[in-house]
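Engineer: Everything below, folded, please.
(chains A, B and C)
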Amino acid sequence: MEKEVAVAIDDLTVAYNYKPVLWDIDLAIPKGVLMAIVGPNGAGKSTLIKSILGIIKPIAGSVTVFGKPYTKQRKKVAYVPQKGSVDWDFPTTALDVVLMGTYGSLGWIKRPGKTQKKAALEALEKVGMLPFKNRQISQLSGGQQQRIFLARALVQNAEIYFMDEPFQGVDATTEKAIINILKALRKAGKTVVVVHHDLQTVPEYFDWVTFLNVKKIATGPVKDIFNNENLIKTYGINYQVSIQE
Amino acid sequence: MIDLVDYIEQIFSDYTFRTISIGTAVLGAVCGMLGCFAVLRKQSLLGDAISHAALPGIAIAFLITGAKDNSTLLLGALISGLLGAYWIKSITAKTHLKSDTALGLILSLFFGVGMLLLTFIQKQPNANQAGLDKYLFGQAATLLEKDIWLMIFVTVICLLVLLLFWKEFKLLLFDADYTKTLGFNIKLLDVLITSFIVIAIILGLQTVGVVLMSALLLAPAAAARQWTNSLGVMVVIAGVFGALSGVLGTGISAMQSNLSTGPVIVLVASVIVLISFVFSPSRGLLFKEIRFRKNRNDIKLHKTLAFMYDIAKSHENISHPHTIKILNNFQGYTKKSLYKLEQEGLIKIDGANWYLTEEGFYKAKNLYNQNVSLDD
Amino acid sequence: MTSAQIVIQLIASLTAIACAIPGVFLVLRKMALISDAISHAILPGIVVGFFITHDMSSPVLIILAALTGILTVFLVEFIQKTGLVKEDTAIGLIFPALFSIGVILIAKNANDVHLDIDAVLLGELAFAPFDRVVYNGIDFGPKALWVIGSILSAILILLVAFFKEIKLSTFDVGLASALGFSPAILHYGLMTVASVTTVGAFDAVGAILVVALTIAPAATAYLLTKDLKKMLFLAVGFGIFSSISGYWLAHNLDASIAGSIATILGVLFLLVYLFAPKSGMISVAYKQQRQKIEVLLLTFLLHLRNHKEKEERHINHLNEHINWKKSQSKKVLDLALKNNMIEVNANVVALTDKGKVFTENAINYITAGSEEAIEEMKKEFFLFRG
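Structural biologist: Numbering: from 1, shown residues only, chains lettered A, B, ... in the order given. Okay, here's the model as predicted:
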C-alpha cells in the first residue's frame, strides 16, 4: 500500500560558506507518520529541517509539501525550533508566545482577537500549562518552556509538525507529556517529524525513522530498518560508545 | 531644588526654553522607545559605533557645502553612519575578525577621521566652524524650532510604523527563524527597524553629541526592562524615561554655564538605570538580596525544625520535653533560631527544655514528606 | 626636522607600540570593546587625579586612573553577572556614564583646571616636547617620553617573561588553567596593562583614539597572519608607521596629530581589508566564487552517482531535478567535461572512471569532515579549477 507523501525532498544539497553539510538528499516522508531523524552531531539534522522550512537556502534540489512548494503551503506546516535558539529573558508571557503561533494565519498587520486567544488557551491546556499562562517566560523551567513552544506549534493547527530536539533538557514528566501529544497528533492523521537524540527511545516513541549523516543512510518504518546495520552505517562502528557521550 | 522650580517656571514662560524642552523630550522619548529594540536585538553597541561613525560625515558635508544648515550636515552624518554600520557587518561576515573588534575598529577609526577633518576645518580662515563643535557633546540650546518639527515628524512616523507592525516586530525580536517560517519578510522588518534606530541616533547628535549618543538609546531601555515583563509596557516606560532624561538633563545643563547637554542627559539617564537596577521590585538587586536572605533563614529554621522532629517522633507524646542540650550536636541551631521558632508557635521552650507544638509537629512532618517526594 | 618634531614622532611611536601589544591580545580574546570601555571610563580617574596632583604625568595620577579602568572592568562584569541586562548593554551603560562624569568635572572646573575637552578627545602631543623633567636644574628631557617609555618597558618585560603563559591562556584557557596558570590572574593582568597603557597614551592621543591605536594595528595584523609572534611584530610595525606618517599628514594639513594617526590606521586597515592575500575581500570573493562552482560540481557528480535511472541523468532533466538555472547547469557541466569527470552519450550523462573515484573519495572526506583533505584532493584531480 503506497501512502500519500507529505513532504518530498529531491536531490537536496545544502552548504554553509560553500562547505557542504547535506549531500544530495532524496527523502519522501509519508503522511501520518511520527518520524525521528537521527544521526551524530553535525550530521545536518537541524539543517535538513531548516532547509525544508526555507530558513536556509539550499544550493541544489527542491522540497515540496503535499505536492507544492513550501512557500505556498506555509499554513499546513508548524515548527518548533530548538529551545536554546531564543532569548528566554525576552519581556513576554507564556500566553503571548503561544499567540505567536496564530500570527502566520493572521498575516501582516492584523492583530490576534478573541478567536486566536481562545485557540491559544486551548493549546496551553493541552500541554498542561494553563495555570502558567501569565508567567514571564524566564520564570518557567526548561521543560515548561519546551511545552510553551509545543503549544505555539499546536495553535498553528497544521498538517505537518517539524520539531528540533523537543526532548533536550526537559524533565521526565514533560518528555512523557510531549510524546503523548505527538502520538495524539499522529492519531489525528497529522505528520510529525522530530530531530531526536536518544536512540534508546526511538522504537517506543516513533513508527518511522530516517538515518542521516550528511547523506541519507536509510528511511522507513522503525520495525523494518531500526537495526544494527543502519546504526553502524550512521554512527560508525563504535556507535554505542558515541551514543553514550 | 529652587533652581529646578525656577526652571520649570521658565519652561512655561520662556519661548526658547519651552521649544528646547519639548525638543529634548521628544528626542528622549523616541530614542528610549527604539532603544528597546536595539537592546533586545543585542545590538547595544552598534548604536555607539554608528554615532561615532557619523562625525566624518558631518565634517565632509560641511566641507562640501560650506553650509551651517542642519539638515545637510545630518544627511552627511546619516550617510557616514550607515557606511560605518555596513562596514561592520561586512567585516564580521567576511573575515575572521569578531564583532567586538569590528565595532571598536570602525568606531575609533571613523571618529579619528572626523577629528582630523574637524581640526582641519577649524584652521580654515573663512570657515564659520563654531557650529561643528556642538556635535561632539551636544548643545540643546542650538536647537531651532525647525529641528524640533523634524524630530516630531520623525517620531510620529516611527510610532505609526511601530503600531502598524507591532506584532511582526515583536515576533522578529523574539524568534527570527520562526518569523521566517510563518512567511513574514524578515529582511524588510530588519531594514525598517535598523533604519529607525539609525535615524534616531542621527537626530540626537545635535543634542547629545556623537560621543555619548548611544547611551540615550540604551539607558532608558535597560532601565525600563527592570520594571516590566511586557514588551509594550517596556517601550512606553523607556519612552517616558528617555523624555525625562532629556528634559531634566537639558534643564540642569542650562542652569550651569559652560556645560554641554550630552553628558548631563546621559548622567540623568544613568541615575535612572541605577535606581531601576537596585529598586525594581521583581528584578532589582535590593529585593533579590532580601528574598535571598529570607530564603536562607527559612531553610535554616526548617533544618532545625526537622532535626527536632526526628527527636520528637521517637516519643509517643509529641509534647514530651527534651533538653536543649541534645541540640548541641546539631550545627544549625542558635538561640536566635529557637526564639524565632517559638515566636512562630512551632515549639515551646520551658527553661532548659523544649517540645514541639502540635502545629510544629505537623509542619515538620510535611517538610519531611516534601523532601521525600523531591528526592524521587 | 626640528628636535621637537623628532620628539613628537618618538613619543607617538612608543605610544603606538605600547598600545599595539596589549591590543593584539585583546583582539584575540574577543575583548576589544573592553579597551573602548576603559579608555572612556578612565576620564573621571584622570580628572580627579589631576585635581590632586596638578600634574598630568604624575605617577599618582596614572595609578589612580588605571584603578578606574580596572574598576570599570569589575563593574561591567558585576552587571553582567546580575543578569539584569545582556553583556554588551552592560558595557554600553557603564562607560558613557563614567565618561560623562569626567566631562562634567572638567567643564565645572574649567577655570582652575589646565585640562580641556579638546585635550580629552585629541591629546596634547604637539605640546609634549615642551613639558620637561627638570631635576636640580638639569633637563632630563620631555616628561611624556619618560612616562610612555617606562610603561612600554614594563610591557615588554612582562611580555617576554610571561610570553608562554599569555599565549597558552589566549588560545586554550582550559589547558592553561589545567597547567596551573590562573585565567583570572592573566585576565586581570591584561586588564591592568590595558588600563595603564590607556592612561599613558591618553596624554598623547586622547580618550577615544587610544582605542584606534589599540585595536586597529592588531586587527590589521590579524587579517594578514594567525601566528602570534608575526602578529605582534606586524601590529607594532603598523603602529610605528602610522604614527610617523600620521604626524606628517597632520603637519601638512595643520590638523590634529591624533586624528591623522587614526586616519592613517584606517587607510592601512582598508587596504589590507581589500587586498590581503588570504583574508582580503578580493581574494575571498575570488575563492568563494571558485568554491561555489566546485561545490556545485561535487553535488552534480554525487547526483550522477546516486541515480542509475536514465531519466534522472538526461541532460535536459538536470535543471528540473537539481533545480538550477540553465546557465549554472551549463557551467557545471562544462567544468565536469573539461576535467574528464563525466561523459555524455545520447544526451545521458554518466560518470567516467576518474569521476567515480573522485566522487567516492570526496564523500569519504566530507563525511569525515576534513576540509584540508578535500582541497588536496581537488588539486590532485582537477585539471581546471572552477
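
Engineer: Over in chain A, which residue gets nearest chain B? Let me know.
Structural biologist: A:Gly104 (3.5 Å; Cβ to the nearest Cβ). C-beta here means a position set from N, CA and C on the backbone, and glycine is covered the same way.

Engineer: what's the domain layout of chain C?
Structural biologist: C:3-278, C:282-384 (automatic domain parsing).

Engineer: from these, which stretch is densest packed?
Structural biologist: Among the domains of chain C, domain C:3-278 has the highest mean neighbour count (mean count of other Cβ atoms under 10 Å in any protein chain shown), at a mean of 21.

Engineer: ok, back up a step: which residues sit in contact with the residue of chain A closest to chain B?
Structural biologist: A:Gly104 makes contact with A:Arg74, A:Lys75, A:Gln156, B:Thr181, B:Leu182, B:Gly183, according to Cβ atoms under 8 Å, 6 or more residues apart in numbering or on different chains.

Engineer: Now render those residues as TSV, adding secondary structure, pLDDT and neighbour count.
Structural biologist: Output for the contacts of A:Gly104, formatted as TSV (DSSP: H, G, I helix; E, B strand; the rest coil; pLDDT from 0 to 100; neighbours: other Cβ atoms under 10 Å in any protein chain shown):
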residue	secondary structure	pLDDT	neighbour count
A:Arg74	helix	88	19
A:Lys75	helix	88	14
A:Gln156	coil	90	25
B:Thr181	helix	91	23
B:Leu182	coil	91	25
B:Gly183	coil	89	16
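
Engineer: restrict those residues to those near chain C?
Structural biologist: Among the contacts of A:Gly104, not one lies near chain C by Cβ under 8 Å from any Cβ of the partner chain.

Engineer: which residues touch the residue of chain B positioned farthest from its centre?
Structural biologist: Distance from the C-alpha centroid of chain B, by Cα atoms, centre = their mean, peaks at B:Glu316 (60.0 Å). By Cβ under 8 Å, 6+ apart, B:Glu316 lies in contact with nothing.

Engineer: distance of it from chain C?
Structural biologist: 51 Å (Cβ to the nearest Cβ, to the nearest Å).

Engineer: Need phi/psi at that residue.
Structural biologist: Here is the backbone geometry of B:Glu316 (degrees, to the nearest 10): phi -70, psi -40.

Engineer: what's the distance between the helix or strand harbouring B:Gln122 and the middle of its chain?
Structural biologist: Using DSSP states H and E, B:Gln122 maps to helix B:99-123. Put simply, helix B:99-123 sits 27 Å off its chain's centre (Cα atoms, centre = their mean, to the nearest Å).

Engineer: hmm, the biggest helix by length in chain B touching chain A?
Structural biologist: When chain B is parsed with DSSP state H, its longest helix is helix B:285-312. No. Helix B:285-312 does not reach chain A (Cβ under 8 Å from any Cβ); its nearest approach is 13.4 Å.

Engineer: Packing partners of that helix?
Structural biologist: Packing partners of helix B:285-312 (3 or more Cβ pairs under 8 Å, 6 or more residues apart in numbering or on different chains; DSSP states H and E): helix B:261-279, strand B:322-323, helix B:335-343, strand B:353-356, helix B:358-375.

Engineer: mind listing the strands for chain A?
Structural biologist: A:5-16, A:19-30, A:34-38, A:60-65, A:68-69, A:77-80, A:160-164, A:191-195, A:208-213, A:215-221 (DSSP state E).

Engineer: Next: chain C.
Structural biologist: With DSSP E as the criterion, chain C has strands spanning C:132-135, C:138-142, C:342-345, C:348-351.
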